[in-house]
Structure formats: C-alpha cells, structure tokens
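Engineer: requesting a structural model of the entry that follows:
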Amino acid sequence: MTASAVLALADVTEILKTSIPSQSHLLDFYSTLSESEQIAFLKQLSLIDYPRVSAIFKKATTTPPIPAGAKLEPLPDHCFDTTINNTDKVNQWRKIGLESIAANKVAVILMAGGQGTRLGSSDPKGCFDIGLPSHKSLFQIQAERIIKLQLLAQPLAKPGVQVVIPWYIMTSGPTHEPTETFFKNHQYFGLNPANIFFFEQGVLPAFTPDGKIFLESKSSLAVAPDGNGGIYAALRLKGVIADMEKRGIESIHAYCVDNCLVKVADPVFIGYCLSKKAECGAKVVPKRSATEAVGVLCLRNSKFNVVEYSEIDPAMAALTKSNGTLVFNAANIANHYYTLDFLKRVPEFESQLEYHVAHKKIKHVDPLGKRIKYSPIYIFYLFI
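Structural biologist: The predicted structure follows:
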C-alpha cells in the first residue's frame, strides 16, 4: 500500500472510531480489499462530512409530524396574487419579465437529477418520450420553449444585443453523463452549447433506522442524491453562481424536469416577482382535494414554509373557507424564483433548512459481507 493511502486510512479511522464511533463498521471489510479498492474507498470516505450528515440524520428523524394544534397558517392575502381573471396585471407582469429577459438578466435552473425508473426507463427523466405525436422528449420541449422566449424578447433588446437565457441543468451521478450525451446527440436542440451548463448535485449517505450508514458493497458507501434542496450547495461548489455573476444575471427561474407543462423562464412569474421586489418566490396552483399528495406553501410558526402532505394532520388539511375552498390550498409545484443576491446569501442560513426523510429500499451488504439486493427494511436518505 502507498504511504498516502496508509496515512489516509489512519485519518479516517481516527474520525470514525473516536469522533463518530457509531460508523466504525464502515471499515469492517477494509483489510480484504485490493490496494486500488482501498484507495478508491478512502477517497469516497474522505468526501463525507460525518458530523454534518449525522446532524442532518438526527434533525430529520426527530422532527415530529405537524400536529393539529401547531401554529400553521395560510398565506396572508398581501403576499400573493393570481393570474386568474387578472388580465391587466398579467400583461404588466409579462412586460416587466420580457424586458428583464431582453436585458440578459434572467437564467433558468433545471433540476434533472432523477431517473425515469417509475416510468419504466433507466434513462434520465428528461430523455423520456411522454407520448406526444411529435415524440419530443421533455428536454426538447423545454429547450424549444427557451428558444421561443428568446425570440419573443429580442425586439425589446438594445440594438446589437443578442438575447440569451442561460440554462443550468442539475444532474446526479447516474444521470450526468447520459444527459450530456443526449444533448450532444440532439445538437443541443438548437441552443448554443456555450449557454448550457451541466452540473452535478451532491449526495448523502443512506442510513439504517438507527443511524448507521449503509455499505453498498465492501468497498463503497450507499449514497443517494441529496434532493432538490441540494441545489444550493451545488450552485456554489460547481461554479454556477460564479458563471451567473460573470453574465450579469439577476433573476433565476428554477423548476423540475418532469413538469411537461412548465413555462420555462415564465415572464409573467418573473415580472410579478420583480414588481414585488421579492428575493424569492413560488408559483403554486389550487389543490384538487384535501387528500391530494402534494405539499402546500403556508406559514409555519410565522415563517414561509412548504409543508409536505405527509407532515400535516388530515383534519387540518381538510379545513375550508366560507366559500368552500381549502384553507391550505397553495399546492407547491416546484416552480421557484430567486434573485442571484439571495442565492449568494444562502450559506448564512443553510444550516437552518429542514431535511426530510425518504424511505427507500437499497442494495447493500450485510455485516457478514453478503450482498443483499434490497433491504428488507425501509431505510433513510435525506433531502432538503
């Protein structure tokens, strides 16, 4: 073994066995690995911030569901508006948004880290053919909307200025290379590749219910993408914020890839947020029913919050106003607005963000080193 590998092992062993003894099992099979496997495993171990992930696990698994008596309130009337039967305001917001786009101050972030496994495909979700007569993929539909919006904003641009909406596409480990390849094979759907920025989100380890990190194999940790909330760290670490600063971006629209109806860089939404001088905003839709499995935007302890459907008491979710509409009616559709200044300030309060638990079955090895295809017990990985 190389001297650097020996030193690294000593460092990691010290961290695991003294600082966090509950994770010392991660080295159980280390002595049985080849030198190349040991070096690769040590590299993966060194990338994990063990105090941080342990704190995340503790916080996420000890936060109780919101009881019926919790201080949960609907959005105040003054902080939202509607596009329904609101033509004059919509036209005004659209004008503001298009002017900002024409000034090259708007960018788009696409959260595209998921695979299409529930759609029967191992490809990235954005590659999926949703059954249109054109057989266009989700990526193509969204790329063409960006192209169209650039054309609509061009007449408002200053002479000689070419309107560009940069597209920042967040992938995950399994989807990064296939996504880039898909775009290359389709000539970036007519967009300039210089204005498309692929970046990979981070990962968090998968935990057992009692807080132990799973080994996927004797020489690797079981990890999962850190969810849409992983976007904040990835934007900093992968150079996205720096690129936006260089381009003079001020407003950002972020959305998820599997929304086939999304209005990419929606000028109405952007114009509305700009008119309110908002640092961040969310586009919502009315819930179809009290039991619809969707999070709602509301006030929790007097702070804006997305409360997941699994975290709200059914009796509270069913509350209605005098006109029959739900009290908690603002369904979150993962359409968000940010200013660049806001994204740059996230590190100041990132530790306060709430993590949620997702129960999954994963591949792992048992304490004897036997490969188990899926855990018989649902385990945890965490995401914001």
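
Engineer: low pLDDT regions in the stretch 201-350 of the chain?
Structural biologist: Under the criterion pLDDT under 70, the flagged ranges of the stretch 201-350 of the chain are 227-229.

Engineer: list the buried residues in the helix or strand that Lys89 is a member of.
Structural biologist: In this structure, Lys89 sits in helix 87-102 according to DSSP states H and E. By neighbour count, with 16 or more other C-beta atoms under 10 Å as the criterion, the buried positions of helix 87-102 are Val90, Trp93, Arg94, Ile96, Gly97, Leu98, Glu99, Ser100, Ile101, Ala102. All C-beta atoms are positioned from the backbone trio N, CA, C, and that covers glycine.

Engineer: show me what it is packed against.
Structural biologist: Using 3 or more C-beta pairs under 8 Å, 6 or more residues apart in numbering; DSSP states H and E, the elements in contact with helix 87-102 are helix 138-153, helix 267-275.

Engineer: what residues does the last one touch?
Structural biologist: In this case it means helix 267-275. Contact partners of helix 267-275, identified using C-beta atoms under 8 Å, 6 or more residues apart in numbering, comprise 81, 83, 90, 92-98, 100-101, 106, 149, 152-153, 251, 253, 263, 280-281, 283, 335, 337.

Engineer: what of the first one?
Structural biologist: Residues from elsewhere that reach helix 138-153, judged by C-beta under 8 Å, 6+ apart: 98-99, 101-102, 108, 110, 112, 125-128, 130, 132, 136, 163-165, 167, 179, 182-183, 186, 188-191, 257-258, 260, 262-265, 267.

Engineer: at 6 Å instead, please
Structural biologist: Applying C-beta atoms under 6 Å, 6 or more residues apart in numbering, the set of residues contacting helix 138-153 from outside is 98, 101-102, 126, 128, 163, 165, 189-191, 257, 264-265.

Engineer: what's across from Leu299 in the sheet?
Structural biologist: When bridges are assigned using DSSP bridges, the partners listed for Leu299 are Glu73, Phe304.

Engineer: thought Val346 was touching Tyr232?
Structural biologist: Yes. Here Val346 lies in contact with Tyr232, judged by C-beta atoms under 6 Å, at a distance of 4.7 Å.

Engineer: between the two, tell me which one has more neighbours.
Structural biologist: Each of Val346 and Tyr232 had its neighbours counted (other C-beta atoms under 10 Å), and the higher figure belongs to Tyr232 (20 against 17).

Engineer: what about the one helix or strand that one maps to, distance to the chain center?
Structural biologist: When elements are assigned from DSSP H and E, Tyr232 belongs to helix 231-237. Between the centre of helix 231-237 and the centre of its host chain there is 10 Å, according to C-alpha atoms, centre = their mean, to the nearest Å.

Engineer: buried residues, that helix. List them.
Structural biologist: Of the residues in helix 231-237, those buried under the neighbour-count criterion (16+ other C-beta under 10 Å) are Ile231, Tyr232, Ala233, Ala234, Leu235, Arg236.

Engineer: quick one: contacts for the third one?
Structural biologist: Which is Ala233. If a contact means C-beta under 6 Å, 6+ apart, then Ala233 has Gly202 as its contacts.

Engineer: just the endpoints, please. Distance across stretch 100-108?
Structural biologist: Stretch 100-108 has an end-to-end distance of 13 Å (criterion: C-alpha to C-alpha, to the nearest Å).
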